[in-house]
Structure formats: C-alpha cells, structure tokens
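Engineer: got a sequence here, can you model it:
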Amino acid sequence: MGRWFSVLCLFSGCLALAALVGCGGSSSGTAGPTVPGSIALSPSIASLDLGATGSLSATARNFAGNPVTLTFGWKSSNPAIVSVSTAGLICAGTWDNLAAPVVCTPGGVGSAQITASASGISSPPTTVYVHPHVDHIVITALPPAPGTPAPTSSCYSTTSTNQPADIQTYQAQAMSNGADVSALVGPFTWSSTSAQVAVIGSVA
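Structural biologist: All right, here's what the predicted structure looks like:
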C-alpha cells in the first residue's frame, strides 16, 4: 500500500508541475492587439508665425497594421521655441499650461522637433519652424544653368520639341515687413493649378 501511495503522489506532482509550466506561457508569444507597433504624426512639417498655435495628430497601429487607441506622451526638442500640450496642441512659444493651454507667449525664432510616444514606441519627429509673420511670398525665375538654353519667353508651346527651353526654375522668398525670412520658414510647397498645363518638379 505504501508503494502505491508513493507512486500516486509522484504522478500527481508531475501533473501539478506540467500545469504550472503550461500556465507560465512562453516569452516568445506574439504581441497583443493593443500593443503599438508604430506611431505616426501628421503633419510631418509645420510652419508657424511667432505666437501662433496649431495641432498635431498622432495615429498608432499594432503589429498587424490595425489602428489602436492610446494615450500619447508629447515631447519638444526645444520647448523655448515650440511647446506642446498633453493633447498635442503646439505653440510657437510657451504655453501657459500644458494640461489646459490657453495663452501662447511668443519666444524666439528657430525650429523644434515634436514626437509622440506610447508603450515605449516613439513616432518619427515633426519639425516645426517658427518665424516672424510672413506677409507675402515672392517668386522669381532663376537664370538657366550653364550650357542650358534660356527660355525664349514666358509662354511655352505644347508642341515644342526644344525640351530644355521649356523648363524654368523658380525661386520662392518669404517676406516679412520687407525682410527675407526664407531661411526660417522651412521648405516651400509648390503646386500647379493644372497638371495638364505645367508640372512641378524638384531640383536636385
């Protein structure tokens, strides 16, 4: 009887050990559906007048690519130039209160990178440029590069075969009270009112 009792006890102990191992799980399991795999910010670039405000939108997706709802933490690389509230509202200066912002006090000109993070994952940064108020933008045609034929006029024919002469490079300048502040506003965005008439290309 004692021998059978010992065998039964040993068998029961093995079952208990197997149950414990099964409950422990494996550290190599896949991430849950609410664990962020990536965080993206929109817009990726912003340009603000001194003392102006704006907002950023953060979107998180899990490793399966599905959107997840999270509470984000926000950070500015240069809070004296751009401060960001706990809700992602940006100020070209300093917020009076990050949790409940109302007044944005202008600081200095420059730029800052804003990131959003959650569960140890951070977004690629959004660069925010801060500058004096831009009252107008001037666009001027640049002279052709050496060896490139100059355009014969400002009107280009759709049937022209002289392709180099149908390409014109322009320069944009952001002006503030007569001063050129182009270096402070960040990259310009170019567009054409009709892509069938004129196409905007980039300059290498």
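Engineer: going by C-alpha atoms from here, please, whenever you check contacts or count neighbours.
Structural biologist: Will do.
Engineer: show me where the protein has helices.
Structural biologist: Ranges of helices within the chain are 2-24, 182-185, based on DSSP state H.
Engineer: just give me the lowest mean pLDDT stretch among those.
Structural biologist: The weakest mean pLDDT among the helices of the chain belongs to helix 2-24, with a mean of 37.
Engineer: residues in contact with the residue most central in space within the chain?
Structural biologist: Centre of the chain computed as the mean C-alpha position; nearest residue by CA atoms, centre = their mean is Ser44, 3.1 Å away. Ser44 makes contact with 125-127 under the criterion CA atoms under 8 Å, 6 or more residues apart in numbering.
Engineer: any idea how far it is from Asn97?
Structural biologist: Relative to Asn97, Ser44 is positioned 24 Å away (CA to CA, to the nearest Å).
Engineer: next one: Pro132
Structural biologist: Going from Pro132 to Asn97 by CA to CA gives 23 Å.
Engineer: next one: Trp74
Structural biologist: Trp74 sits 14 Å away from Asn97, going by CA to CA.
Engineer: more neighbours, these two?
Structural biologist: Set side by side, Trp74 and Asn97 show more neighbours around Trp74, with 20 against 13, by other CA atoms under 10 Å.
Engineer: domain ranges for the chain?
Structural biologist: Per automatic domain parsing, the structural domains of the chain span 36-131, 136-185.
Engineer: where in the protein is pLDDT low?
Structural biologist: Scanning the chain for pLDDT under 70 picks out 1-32, 147-166, 203-204.
Engineer: in this protein, which strand has the most residues?
Structural biologist: strand 110-118 (DSSP state E).
Engineer: that one pairs with which strands, parallel or anti?
Structural biologist: strand 73-76 (antiparallel), strand 121-122 (antiparallel), strand 126-131 (antiparallel) (DSSP bridges).
Engineer: check contacts around Ser191.
Structural biologist: Counting by CA under 8 Å, 6+ apart, Ser191 touches Ile200.
Engineer: related to what we said a few turns ago, give me the buried subset of the contacts of Ser44.
Structural biologist: Using 16 or more other CA atoms under 10 Å as the burial test, the contacts of Ser44 include 125-127 as buried.
Engineer: make a markdown table out of those residues and add distance to Ala174.
Structural biologist: A markdown table is the format used below for those (distance: CA to CA, whole Å):
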| residue | distance to Ala174 |
| --- | --- |
| Pro125 | 24 |
| Thr126 | 21 |
| Thr127 | 18 |
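Engineer: from Ser57, how far off is Pro125?
Structural biologist: Here Pro125 is placed at a distance of 12 Å from Ser57 (CA to CA).
Engineer: between the two, which contacts overlap?
Structural biologist: Shared contacts of Pro125 and Ser57 (CA under 8 Å, 6+ apart): Leu41.
Engineer: okay but Met175 is in contact with Asp135, surely?
Structural biologist: Yes. The criterion here is CA atoms under 8 Å, and Met175 meets it with Asp135 at 6.2 Å.
Engineer: hang on, the earlier thing: any idea how far Pro79 is from the residue nearest to the centre of the chain?
Structural biologist: Distance of Ser44 to Pro79, given as CA to CA: 18 Å.
Engineer: equivalent analysis for Thr169, please.
Structural biologist: 37 Å.
Engineer: many thanks, have a good one.
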